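Trainee: Fold the following for me, if possible:
(4 chains)
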2 protein chains.
Amino acid sequence: MASQLQSPETYGEIDPRVEALVHDLIAQVADKWTMILIEVLHDHGEQRFTQISKRVPGVSQKMLTQTLRQMERNGLVLRTVHPVVPPKVEYRLTKLGESLGEAFCGVWTWAEDNLETVETARQGFDERAAG
Amino acid sequence: MASQLQSPETYGEIDPRVEALVHDLIAQVADKWTMILIEVLHDHGEQRFTQISKRVPGVSQKMLTQTLRQMERNGLVLRTVHPVVPPKVEYRLTKLGESLGEAFCGVWTWAEDNLETVETARQGFDERAAG
DNA sequence: TTTCACACTCTCTTTTTGGTAAGTATAAAT
DNA sequence: ATTTATACTTACCAAAAAGAGAGTGTGAAA
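Mentor: Alright, predicted model coming up:
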């Protein structure tokens, strides 16, 4: 398969294993729900599962659990279980989670600032394709 | 906006439709291959299809074409077709593409800076889960 | 005449992802 | 005795994404 051709020297000085790790980490962390959850947890502080779900329109229970778990595993979120009935579990961002939120700021503001530019580009592209 | 990660009370005032547009745009633009292609196009300037594919280990032809097209549609990439045989097509980042690359820098460096922190967090989590 | 180069496109198959809905545990309230 | 609340887990299924591989067009070189 020609698509798998390798040319190691093109990556220059950077260790390709580190590159791969960075790519993987970004893929996990730049996920749609993760980004939204960071936002919600930042804006509203420590919250319970149900509160979060109400603030995030469109998440299924499954995805919320899954994303929260992954974030916890990656050290972005602290999960506190209170041994009561019915269960009470609270989530909040760790320092690491907050710092990721700050790192995302650039992308967020880029998206906000360029919504129209992108929309215009799309229209141009689609017209060229059609005409 | 909430993306600025500053004050909780600003969250309520945002138009949810704009929020949704921003989320969608980020989802398209924060995609794994898009990020890698921005990097490669930034580092090596204007390149042909095959050159790019050699510099990106693991992309299939399909994904490369698809991602490049999406980027072109979003105005991130300029595609230049030279009417010769065999075909010659060159790709380069637009200003918008470059600006997105800069916006990503924060996330990129966050990932590099925190690789170990995350790895440690994961090990802790996995041990807790096992034990 | 066959081969090669390049940048795709198309089809088929596999893998991954995500939704839905039901089930679990427990104590208090009705 | 039944319901309610919370925070899940599990099983099943449909949809979407991605991979593999073959095919396309054209002119020049072997």
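
Trainee: can we go C-alpha only for contacts and neighbour counts from here?
Mentor: OK.

Trainee: Quick one: name the residues of chain A near DNA strand C.
Mentor: Listed as neighbours of DNA strand C in chain A under the rule C-alpha under 7 Å from any atom of the strand: A:58-63, A:85-87.

Trainee: so which of these is the most crowded?
Mentor: With neighbours taken as other C-alpha atoms under 10 Å in any protein chain shown, the top of these is residue A:59, carrying 14 neighbours.

Trainee: which phi and psi does that residue have?
Mentor: phi -80, psi 140 (degrees, to the nearest 10).

Trainee: Look up how far DNA strand C lies from the closest residue in space to it that isn't next to it in sequence.
Mentor: Closest residue in space to residue A:59, ignoring its immediate chain neighbours: residue A:53 at 6.7 Å, by C-alpha to C-alpha, 6 or more residues apart in numbering or on different chains. Per C-alpha to the nearest atom of the strand, to the nearest Å, residue A:53 is found 12 Å from DNA strand C.

Trainee: and what of residue A:30?
Mentor: Plainly put, residue A:30 is 12 Å away from DNA strand C if you go by C-alpha to the nearest atom of the strand.

Trainee: My guess is that residue contacts residue B:30. True?
Mentor: Yes. With contact defined as C-alpha atoms under 8 Å, residue A:30 and residue B:30 form a contacting pair (6.7 Å).

Trainee: Give me the longest helix you can find in chain A.
Mentor: helix A:95-130 (DSSP state H).

Trainee: ok, back up a step: which secondary structure element contains the residue nearest to residue A:59?
Mentor: Assigned by DSSP states H and E, residue A:53 belongs to helix A:49-55.

Trainee: Looks to me like residue A:34 is in a helix.
Mentor: Yes. Residue A:34: assigned to a helix according to DSSP: H, G, I helix; E, B strand; the rest coil.
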